[in-house]
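# Fold the following for me, if possible:
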Amino acid sequence: MSGQEMFALDDLARLFDMTVREDAVAGGLTVTVRNQTIVLSPGQSLASVGGRLISLPAAAVREGRSWYVPVDFVPRAIAPVLGSRLELRKPSRLILLGDIRAPRVAGRIEPLGSLARLTLDVAPATPHTVSQDGQHLNIRFEADMLDAALPATTAPDLIQNVRPGEGPAVVTIDLGPRFASFRSSDLAGPAGGGRIVIDIIGQTELPPGQPVPPPTPEQPPLLDLVPAGTLRTIVVDAGHGGTEAGAKGSGGALEKDLTFAVARRLKAALEARLGLRVILTREGDSTVGLDERAALANNNKADLFISLHVNASVRQTASGAEVFYLNLDEYGDAAQRVAHGESESLPVFGGGSRDIELILWEMAQARYIQESAALAQAVESSLRQHVPMSLRAIQQAPFRVLVGANMPAVLVEMGFITNAPQEKQLQSEEFQNLLVQGLVEAVSRFRDARGAGPSGAVR
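Residues are numbered from 1 along each chain as shown. Below is the predicted model of the structure:
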């Protein structure tokens, strides 16, 4: 109306449980919300909210039997009297009331030769996963809904469409006929947000005139060998769970809840940013034995094992994160023999023999102590850049959960739940995201150093 977007007061009354009364003599309006009074005067772009004057971009307007107010009436007049968080997003025509996680997502597509690049700016940065489902990629955000402005495709042979997916916080990419593979990376976005970059890589086209090579005869499946230095699978262990609540803070926070919250965020970040397969030792509030956790990692041929915990102390001032790897001093010479990779020759079916390493459960971690120490150093160094660290930030200890892990393994105490300020930190999304960022960077640095061979060093 006259260049102003307006709300019908009747609609707002239903949404916010308001009472609207018209003063027939003065021609004004009285709006009551939660025992607070808002007075609108005819022809004036002002309102009185609990006796305090506020300005509006336009006056209330009557048309027919209905009254209309400018959309800014909601954040300027209604929000102060509601007593709860209210946000008006004009471009996307949304009103968010309460603690609703609705990150803004804005995208663009760039054709770049043999690939198409989809860039999504996300504000605020939000944990997410990227997964393929046939001819679709799904980006799932840890949010209640999305405030998304998705781009039209400019490369239909690779990206046919970018659209809302199944679920309120999912973006789906419909892949084109030339799709071959994709890669995903996370970057820092503008104004403290996040940026997701997904490259859709096309099939390689043969030069003109070159015949299509005949299909190769079916071969027996090759052994699933991993190139030296690579990481493919990580097991993230959310400490405690079920009947094992772990440590408890004075504010009521439980260790089992904090470790699971961070484990889920870490899984999403490692999958999205590093393209790794991540397995959680528990998918909910369940009780899992200490040896079961390492067994899960062994059975899935995990390349790393990271166990998450929070610390407790009789000193309420104790604070800071700590990183542990296994101490095998109590196992003496036996641990040293295992660490040097002794094996036993056993006969195999069809003749001949094969060297088989038979390792007691308690000795499984012995051969990885040096790599576990390097992983612990990488974790400590990366976490130090993001969160407070204890005075003894890196230590060795005989933790049972690490003993049977047949791969580099560390245990991270994320902070002291018995320190009241740190208990609040551990519960906050911001602090949990900082922890996750440090751990992702540590895994990336460890992977790079491992791939560099014996001369590689983690700094």
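# what pairs with the helix or strand that residue 414 is a member of, and is each one parallel or antiparallel?
Using DSSP states H and E, the element containing residue 414 is strand 409-416. Sheet pairing here is set by DSSP bridges, and for strand 409-416 it gives strand 304-311 (parallel), strand 321-326 (antiparallel).
# Buried ones in the last one, by neighbour count?
In this case it means strand 321-326. 321, 322, 323, 324, 325, 326 (16 or more other C-beta atoms under 10 Å). Heads up, the C-betas are built off the backbone N, CA and C, glycines and all.
# was I right about residue 401 contacting residue 290?
Yes. Between residue 401 and residue 290 there is a contact under C-beta atoms under 8 Å: 4.7 Å.
# And these two? Which one has more around it.
Legend: neighbour count by other C-beta atoms under 10 Å for residue 401 and residue 290, higher for residue 401 (22 against 17).
# Tell me the predicted confidence for that one.
pLDDT recorded at residue 401 is 91.
# re the thing from before, tabulate the strands paired with strand 409-416 (a markdown table), appending distance to residue 93 and mean pLDDT.
What follows is those, written out as a markdown table (distance: least, C-beta to C-beta, whole Å; pLDDT from 0 to 100):
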| stretch | distance to residue 93 | mean pLDDT |
| --- | --- | --- |
| strand 304-311 | 41 | 97 |
| strand 321-326 | 43 | 95 |
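# Distance to residue 443 for those strands - can I get that in JSON lines?
Listed next are the strands paired with strand 409-416 as JSON lines, based on distance: least, C-beta to C-beta, whole Å:
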{"stretch": "strand 304-311", "distance to residue 443": "7"}
{"stretch": "strand 321-326", "distance to residue 443": "13"}
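# quick one: which of these is nearest residue 62?
For residue 62, the closest of the strands paired with strand 409-416 is strand 304-311, at 59.5 Å, according to C-beta to C-beta.
# can you tell me how far residue 286 sits from residue 256?
To residue 256, residue 286 is 10 Å away according to C-beta to C-beta, to the nearest Å.
# and for these two, which residues touch both?
In terms of C-beta atoms under 8 Å, 6 or more residues apart in numbering, residue 286 and residue 256 are both contacted by the residues 241, 242.
# Please compare these two by neighbour count and tell me which comes out ahead.
Set residue 286 next to residue 256 and count neighbours by other C-beta under 10 Å: residue 256 wins out with 25 against 14.
# Just give the nearest non-adjacent residue to that one, would you?
Leaving aside its sequence neighbours, residue 256 sits nearest to residue 240 (C-beta to C-beta, 6 or more residues apart in numbering; 4.0 Å).
# ok, that neighbour - contacts?
Taking C-beta under 8 Å, 6+ apart, one finds 246, 255, 256, 259, 309 in contact with residue 240.
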